[in-house]
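A.B. asks: Need the 3D shape of this:
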Amino acid sequence: MDYDALRLFLHLARTLHFTRTSRECNISLSALSRTVQRLEGEVGQPLLLRDRRSVSLTPAGELFREHAADAIARFQVLQQRLEGASEKLTGTIRIFASVTAVQSFLPRILTSFRRTHPEIHIELETGYATDALGRLETGAVDVSVAALPARVPQNLEALVVVVTPLVFVAPASECEASRLVERRPLNWADVPMVLPASGLARAAIDRWFLRRKVRPRVYGEVAGNEAILSLVSLGCGVGVVPRLVADKSPLRGEVQVLEVEPRLAEFRVGVCTERRLLKTPVVRAFWDSIDEARA
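C.D. replies: Just a heads-up that it's a prediction; the model follows:
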């Protein structure tokens, strides 16, 4: 089996961009196209749909991506067994995490991991927390640090690292929003709100307002907790973020956490990976280091 071809296909399945894969994998466009054509010939079906503007996976391509990822994972296990238990563990682990995770608990986990396995190369990608599980499901990363839903998908394994409440945050400076939240009784329908555009936090906020039979006055819907805090600090409105974010943000001195009853839901943050990847030595080693860091 040509594992290099499988790795190229997996990279292309993540980027859906021939030029980017060609550049990042150091292979010519013509050679990359021939590799895909050869794989399609072996499978007997088209794996990609291509036109001048876009590339997408066919149904056969989706199935082949799962097969390729599984084949490479099994090959990594085989390599490690052949090298022997006395050899140092090597390889690369790709991790996706939010900025807040990188600034709070993730360094503790990575320090424990690096101390035990210094030869493993860490690729760390940061972005919006709402993208974490999607990056994992497409195979772009091996591990994601993500807000965990009440029910984690069956194909994923998750470890809860932090439980933090969602909280309302208001501007610390004198402005319309800060004056409105000081009124008693507090009329939430009058308060401009800066809300997450989507994700678990948004669902929890929507439920909170629905139970109080309040239609929120939405100032803005944005992606990312730091963007919410930025707008709140400017006096644009009241936002909702995990308490961990409010406590760790550089803007924490420019916002105030509101004590509100009933409280918003708790926010579980954890580390996720696909169950099949736990069979690979590198991901297994990282997983074990999480338990050591939490102890």
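A.B. asks: Go ahead and list the helix or strand containing residue 267.
C.D. replies: In the assignment (DSSP states H and E), residue 267 maps to strand 266-274.
A.B. asks: try residue 163
C.D. replies: In this assignment (DSSP H and E), residue 163 forms part of strand 156-171.
A.B. asks: could you pull out the strands for the protein?
C.D. replies: Here the chain has its strands, by DSSP state E, at 48-50, 55-57, 91-97, 120-126, 143-147, 156-171, 192-196, 217-222, 238-242, 255-258, 266-274.
A.B. asks: Please identify the deepest-packed of these.
C.D. replies: Comparing the strands of the chain by mean neighbour count (mean count of other Cβ atoms under 10 Å), strand 238-242 comes out on top with a mean of 27. Every C-beta, even on glycine, is put in place using the N, C-alpha and C of the backbone.
A.B. asks: what packs against that one?
C.D. replies: Applying 3 or more Cβ pairs under 8 Å, 6 or more residues apart in numbering; DSSP states H and E, we find strand 238-242 packed against strand 156-171, helix 176-182, strand 192-196, helix 200-211, helix 225-233.
A.B. asks: what angle sits between it and helix 225-233?
C.D. replies: Computed by axes from the mean of the first three to the mean of the last three Cα atoms, to 10 degrees, the angle separating strand 238-242 from helix 225-233 equals 150 degrees.
A.B. asks: List the strands paired with strand 238-242, with their directions.
C.D. replies: Within its sheet, strand 238-242 is paired with strand 156-171 (antiparallel), strand 192-196 (parallel), according to DSSP bridges.
A.B. asks: Please work out the average pLDDT along the longest one.
C.D. replies: In this model, strand 156-171 carries a mean pLDDT of 93.
A.B. asks: Tell me how the protein divides into domains.
C.D. replies: The chain resolves into domains spanning 1-87, 163-266 when parsed by automatic domain parsing.
A.B. asks: ends of stretch 107-124, how far apart?
C.D. replies: Counting by Cα to Cα, to the nearest Å, you get 11 Å between the two ends of stretch 107-124.
A.B. asks: That one: which residues count as buried?
C.D. replies: Applying a neighbour-count criterion of 16 or more other Cβ atoms under 10 Å, one finds 109, 110, 112, 113, 117, 120 buried in stretch 107-124.
A.B. asks: For the strand holding residue 267, name the packing helices and strands.
C.D. replies: Contacting strand 266-274 under the criterion 3+ Cβ pairs under 8 Å, 6+ apart are the following elements: helix 132-137, strand 143-147, strand 156-171, helix 200-211, helix 243-248, helix 281-294.
A.B. asks: Contacts for that strand next, please.
C.D. replies: Residues outside strand 266-274 that contact it (Cβ atoms under 8 Å, 6 or more residues apart in numbering): 101, 109, 132-133, 136, 142-148, 152, 155-166, 200-201, 204, 242-244, 283, 287, 290.
A.B. asks: what's the answer for stretch 18-34, then?
C.D. replies: 7, 8, 11, 12, 15, 35, 50, 55.
A.B. asks: Excluding covalently adjacent residues, which one is nearest to the third one?
C.D. replies: By that I understand residue 11. Spatial nearest neighbour of residue 11, chain neighbours left out: residue 21 (5.0 Å); criterion: Cβ to Cβ, 6 or more residues apart in numbering.
A.B. asks: From residue 59, how far off is the one you found?
C.D. replies: Plainly put, residue 21 is 21 Å away from residue 59 if you go by Cβ to Cβ, to the nearest Å.
A.B. asks: which one of these two has more residues nearby?
C.D. replies: Between residue 21 and residue 59, residue 21 has the larger neighbour count (other Cβ atoms under 10 Å), namely 22 against 10.
A.B. asks: residues touching residue 200, list them.
C.D. replies: Residues in contact with residue 200, defined by Cβ under 8 Å, 6+ apart, are 147, 149, 267.
A.B. asks: how about these in CSV, adding pLDDT?
C.D. replies: CSV is the format used below for those (pLDDT from 0 to 100):
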residue, pLDDT
147, 85
149, 84
267, 87
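A.B. asks: Now render the residues you listed as TSV, adding distance to residue 28.
C.D. replies: What follows is the contacts of residue 200, written out as TSV (distance: Cβ to Cβ, whole Å):
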residue	distance to residue 28
147	41
149	42
267	47
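A.B. asks: ok, of these, which one's closest to residue 173?
C.D. replies: Nearest to residue 173, judged by Cβ to Cβ, of the contacts of residue 200 is residue 267 at 26.3 Å.
A.B. asks: so what's that closest one bridging to?
C.D. replies: Residue 267 forms beta bridges with residue 164, as assigned by DSSP bridges.
A.B. asks: Next one: it from residue 139, what distance?
C.D. replies: Residue 267 is 26 Å from residue 139, where distance means Cβ to Cβ.
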